[in-house]
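Colleague: Structure, please.
(one chain, ligands or ions: 1)
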Amino acid sequence: MDQIITPELLKDICIRITGQERYKVNFVDNEYKDDCLPKSYNKGRLAILRYGNRNAFISFSEVKVRGRNSAVQSAASAFNIYYLSKAANKELYYYFLGGGPKFETDYLNATYRQMQTIGFRFLNPEKLSSPIISFSSIEDLIFSRQNTSGKNRSNNASYITKEKAKEIEIYGKTYGANKYAAAMLGYTASAIAKRQGQHITLYEILEGDLKHMPKPSVQILRLMGNVDIVPTNLEFEKDQFKRNNSLRSPRYKVNLLDRVGIKHCALCHCEIPEIVQGAHVWPVSAIKKQALTFEEQFSHAISGDNGIWLCENHHKLFDENIIRIDKNAKIEFHTSDKSSLKFLHKITLENRLDEIYYSDKFFKYLKFRNKAL
Ligand SMILES: [Zn+2]
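Modeller: Next comes the predicted model:
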């Protein structure tokens with residue numbers, strides 16, 4: 001620590017925050033307690049600078065970026081400590097201990113933007129080659145997520161999208177270090193939504209070891225006041241599957257997001273999230289008629305291979321089998337009415353489904369669907 005946080009560096013921080021360069025250092029240890037910090041404080045790569053009645057919380061970057069999760073984890077932890085601290089006149093800062101391309105990946109740039117949106121002030125932003133710009137709207141945040149997770153999608157990314165009636169939904173992956181990224185996404189969305197009087201539902205997608213988000217994060221999201229946290233409960237979803245033929249399952253949506261990326265109508269490229277839906281290829285009503293075990297039926301119903309993103313128009317046309325997809329993924333129109341046909345041609349920009357959808361399971365579901373026509 002002494003080798004990293006040098007006197008020159010501390011002087012630099014003092015000047016940037018207070019305009020003067022003299023300081024005294026206290027290390028928080030067993031002897032020296034600090035009222036601003038929680039009992040377990042060794043998180044967040046954090047220092048507190050006191051000047052007059054000001055309490056400046058300073059989170060440090062790594063010297064060398066080890067992995068994207070580590071940076072997000074320490075920023076989220078620092079924010080948690082800052083937010084829950086009872087200190088008066090508190091301020092939150094971030095200080096870069098390094099620079100260069102590894103500090104400026106798309107993912108990290110988007111993380112800095114999230115940090116600035118929730119109140120971090122960057123002490124030495126000149127370490128980056130371009131300025132950090134806060135997110136101005138939920139759409140801005142949704143599209144930044146699309147750009148950073150679009151090509152190299154990992155099954156560990158959290159998602160943010162919009163549903164009907166402007167309801168904002170976050171699908172937060174809570175496995176391992178992803179839970180910090182989920183919390184950061186929640187904080188950012190909450191800060192933006194508050195300005196616009198909007199509400200957020202955050203689904204915790206519990207996997208593997210069934211880890212929830214960190215307790216302080218849950219506490220903060222509740223304090224923020226416009227976020228409902230809903231742990232995804234497979235039992236609840238199974239119950240819904242038993243009762244209904246149309247499945248509004250968070251798990252189904254996440255599986256589809258993992259497989260083909262953010263909402264985007266496969267037939268007309270509509271990206272307005274409020275009107276793009278997950279359309280079952282093998283319909284839930286048909287799955288239920290099969291002589292399969294309940295668990296088998298349910299797993300077909302929530303499979304990401306059993307879905308296409310379609311806008312409301314195309315979803316309805318697909319459900320009515322006016323638009324069909326043949327075994328080679330070619331789009332077909334089934335109507336004898338000329339003006340309807342003209343309309344279908346006008347609104348449908350693809351004549352073959354995009355390759356991102358192709359998988360053995362997808363074509364199996366397509367076969368099951370078409371067999372019933
Ligand atoms: Zn469409």
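Colleague: Just the buried residues of stretch 66-79, please?
Modeller: For stretch 66-79, burial by neighbour count (16 or more other C-beta atoms under 10 Å) applies to Arg68, Asn69, Ala71, Val72, Gln73, Ser74, Ala75, Ala76, Ser77, Ala78, Phe79. Heads up, the C-betas are built off the backbone N, CA and C, glycines and all.
Colleague: What is the strand or helix carrying Ser190 packed up against?
Modeller: In this structure, Ser190 is located in helix 178-195 according to DSSP states H and E. Here helix 178-195 touches helix 68-84, helix 106-117, helix 138-149, strand 168-173, strand 200-205, helix 215-224, strand 227-231, going by 3 or more C-beta pairs under 8 Å, 6 or more residues apart in numbering; DSSP states H and E.
Colleague: The ion is nearest to which of the ones you listed?
Modeller: Closest to the ion of those is helix 138-149 (C-beta to the ion; 17.2 Å).
Colleague: Give the next helix or strand downstream of the closest one.
Modeller: Per DSSP H and E, helix 138-149 leads on to strand 159-162 as the next helix or strand towards the C-terminus.
Colleague: near the ion, which residues of this structure?
Modeller: Contact residues (C-beta under 5 Å from the ion) of the chain with the ion: Cys265, Leu267, Cys268, Cys270, Cys311, His314.
Colleague: so where's the chain uncertain?
Modeller: In the predicted model, the chain carries pLDDT under 70 at residues 1-2, 29-44, 146-156, 208-210.
Colleague: go again using 80 as the cut-off
Modeller: Where the chain drops to pLDDT under 80, the residues are 1-3, 27-44, 67-69, 145-156, 164-166, 176-177, 206-211, 233, 248.
Colleague: that older thread, the residues of the chain next to the ion into CSV, with extra columns for neighbour count and secondary structure?
Modeller: As requested, the residues of the chain next to the ion are exported to CSV (neighbours: other C-beta atoms under 10 Å; DSSP: H, G, I helix; E, B strand; the rest coil):
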residue, neighbour count, secondary structure
Cys265, 25, coil
Leu267, 25, coil
Cys268, 17, coil
Cys270, 20, coil
Cys311, 24, strand
His314, 26, helix
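Colleague: which non-adjacent residue is nearest the residue in the stretch 51-200 of the chain that the ion sits nearest to?
Modeller: Residue of the stretch 51-200 of the chain nearest the ion, by C-beta to the ion: Lys164 (15.6 Å). Leaving out its chain neighbours, the residue that sits closest to Lys164 by C-beta to C-beta, 6 or more residues apart in numbering is Glu274, at 5.6 Å.
Colleague: helix/strand/coil for Ala291?
Modeller: coil (DSSP: H, G, I helix; E, B strand; the rest coil).
Colleague: neighbours around Ile229, how many?
Modeller: Neighbour count of Ile229, defined by other C-beta atoms under 10 Å: 18.
Colleague: for it, which residues make a bridge with it?
Modeller: Leu202 (DSSP bridges).
Colleague: So it sits against Leu223, correct?
Modeller: No: Ile229 is beyond contact range of Leu223, at 11.9 Å (criterion: C-beta atoms under 8 Å).
Colleague: which residues touch Met213?
Modeller: Gly172, Thr174, Lys179, Ala182, Ala183, Glu204, Leu221, Ile229 (C-beta atoms under 8 Å, 6 or more residues apart in numbering).
Colleague: How many residues are close by the fourth one?
Modeller: Spelled out, that is Ala182. 28.
Colleague: do you know how far it is from Ser158?
Modeller: According to C-beta to C-beta, to the nearest Å, Ala182 and Ser158 sit 4 Å apart.
Colleague: same thing with the fifth one?
Modeller: When C-beta to C-beta is applied, the distance between Ala183 and Ser158 equals 9 Å.
Colleague: what is in contact with the two at once?
Modeller: Gly172.
Colleague: List the buried residues for stretch 276-295?
Modeller: Val276, Gln277, Gly278, Ala279, His280, Val281, Trp282, Pro283, Val284, Ala286, Ile287, Lys288.
Colleague: That one: end-to-end distance?
Modeller: 28 Å (C-alpha to C-alpha, to the nearest Å).
Colleague: Isn't Ser61 up against Glu104?
Modeller: No: with contacts counted by C-beta under 8 Å, Ser61 stays clear of Glu104, the gap being 11.7 Å.
Colleague: more neighbours, these two?
Modeller: More crowded of Ser61 and Glu104, by other C-beta under 10 Å: Ser61, with 23 against 16.
Colleague: quick one: contacts for the more buried one?
Modeller: If you count contacts by C-beta under 8 Å, 6+ apart, Ser61 has them with Arg45, Ala71, Tyr94, Tyr95, Phe96, Leu97, Gly98, Phe103.
Colleague: please redo it, this time with the cut-off set to 7 Å
Modeller: When contacts are counted by C-beta atoms under 7 Å, 6 or more residues apart in numbering, Ser61 is found next to Ala71, Tyr95, Phe96, Leu97, Gly98.
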